[in-house]
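> this is the structure alone, sequence omitted:
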Ligand SMILES: CC(C)=CC(=O)SCCNC(=O)CCNC(=O)[C@H](O)C(C)(C)COP(=O)(O)OP(=O)(O)OC[C@H]1O[C@@H](n2cnc3c(N)ncnc32)[C@H](O)[C@@H]1OP(=O)(O)O
């Protein structure tokens, strides 16, 4: 089925979604959200896909939720439609997802990037939660995810002033995993995604689920969860293969079982 606002491709075992509303700096409207979820549904159902990359243009990953679409909404509308609930479906995906961010990642754009498992940033990336300048605050998880990633002081400062953060500060603060030159962004993100996709998919998914527990639970509960999942990994053929391959000094051939 065709897409209007995104480009969807597979590159080997990697699913690639490119946000494609250049006239609006990839502002996130409801059509785009529906299409992103449709593409993610397809990638999650495809056993050949081991990792997903989400990117935008060199100028903008996304300049935020679509202000023009939102501006005239009333409280009863936004409440009964449960505005932004579709973004929870994006955030709760089970396969590994990387955001490859160049240019502006503002408001919902920054929030979308933070829904991914990690961010690789181009050296021209600019992150921000400027919603306060519009008389609102982040509404797609930003107050929570940003605070967990960069700490309360910086999250407060960014959300209360609307100040933008460049790539270097974002890396220092823990918002992004790595910075690369803008010209290399997609290549580097795809290379990283390829590495992840070459691992056992169920083991990668269990690892993602376990790391995400750290945001939701106490240290002791998280460690207990890790132990249970670690033990369960010994029921997979890929654990046998991975360890046998090491002992036999050869590359593992994971079967995703
Ligand atoms: C409220 C919640 C929960 C979440 C949100 O995300 S609210 C939105 C937060 N984002 C922002 O406030 C950023 C808004 N955009 C800007 O400040 C600027 O566009 C810029 C600094 C990112 C870039 O400025 P530049 O001068 O380079 O480009 P523009 O001429 O301003 O933009 C080009 C084109 O795109 C439209 N645009 C940009 N951002 C949005 C947006 N978030 N929603 C809708 N449309 C957007 C902009 O209006 C212009 O289109 P027109 O020429 O047709 O007006």
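On my side now, so go ahead. Just so you know, these numbers come straight off a predicted model, no measurement behind them. Residues are numbered from 1 along each chain as shown.
> show me what contacts the residue of the chain found nearest the ligand?
Nearest to the ligand in the chain, going by CB to the nearest ligand atom, is residue 107, at a distance of 2.3 Å. All C-beta spots, glycine's among them, are computed from the backbone N, C-alpha and C. Shown in contact with residue 107 (CB atoms under 8 Å, 6 or more residues apart in numbering): 63-65, 128-131, 138, 142.
> which residue packs closest to it, ignoring adjacent ones?
Excluding its sequence neighbours, the residue lying closest to residue 107 (CB to CB, 6 or more residues apart in numbering) is residue 64, at 3.0 Å.
> might one say that the one you found is in contact with residue 27?
Yes: look at residue 64 against residue 27 with CB atoms under 8 Å: they come within range, at 6.1 Å.
> report the contact partners of residue 63.
Taking CB under 8 Å, 6+ apart, we find residue 63 in contact with 24-27, 104, 106-107, 109.
> what parts of the stretch 101-250 of the chain come near the ligand?
Of all the residues in the stretch 101-250 of the chain, those in contact range of the ligand (CB under 6 Å from any ligand atom) are 104, 106-108, 130-131, 134, 136, 138-140.
> are any of those buried, and which?
Neighbour-count burial (16 or more other CB atoms under 10 Å) applied to these gives 104, 106-108, 130-131, 138-140.
> please, where are all the helices along the chain?
Remark: helices assigned in the chain by DSSP state H are 30-45, 67-70, 75-80, 85-91, 108-115, 142-150, 152-161, 167-173, 185-197, 201-213, 219-233, 237-247.
> give me whichever of these is most buried.
Of all these, helix 108-115 has the most neighbours on average by mean count of other CB atoms under 10 Å, namely a mean of 28.
> mind giving me the packing neighbours of that one?
strand 60-62, helix 85-91, strand 97-101, strand 126-128, helix 142-150 (3 or more CB pairs under 8 Å, 6 or more residues apart in numbering; DSSP states H and E).
> distance of the closest residue to residue 101 other than its chain neighbours from residue 225?
Nearest residue to residue 101 in three dimensions, chain neighbours excluded: residue 61, at 4.3 Å (CB to CB, 6+ apart). From residue 61 across to residue 225, the span is 32 Å (CB to CB, to the nearest Å).
> in this structure, which residue is closest to the centre?
Centroid-nearest residue in the chain: residue 116, 1.3 Å away (criterion: CA atoms, centre = their mean).
> list the contacts for that one?
Counting by CB under 8 Å, 6+ apart, residue 116 touches 54, 97-99.
> if we use 6 Å, what do you get?
97-99 (CB atoms under 6 Å, 6 or more residues apart in numbering).
> residue at max distance from the center of this structure?
Note on the chain: the largest separation between a C-alpha and the mean C-alpha position, by CA atoms, centre = their mean, falls on residue 248 (36.1 Å).
> give me phi/psi at that one?
Phi and psi for residue 248, reported as degrees, to the nearest 10, are phi -90, psi 10.
> if we can go back for a sec, in strands only, show me the buried ones among the residues of the stretch 101-250 of the chain next to the ligand.
Taking DSSP state E, the ones among these that sit in strands are 104, 106.
> mind pulling up the pLDDT for the nearest residue to residue 15 once chain neighbours are set aside?
Distances taken as CB to CB, 6+ apart place residue 43 nearest to residue 15, at 3.7 Å, with adjacent residues excluded. With respect to pLDDT, residue 43 scores 98.
> ok, residue 43 touching residue 51?
No: in this structure, residue 43 is not within contact of residue 51 by CB atoms under 6 Å, at 9.2 Å.
> backbone dihedrals for the residue nearest to residue 130 when sequence neighbours are not counted, please?
With sequence-adjacent residues excluded and distances taken as CB to CB, 6+ apart, residue 130 is closest to residue 162, at 3.8 Å. Main-chain dihedrals, residue 162, degrees, to the nearest 10: phi 80, psi 10.
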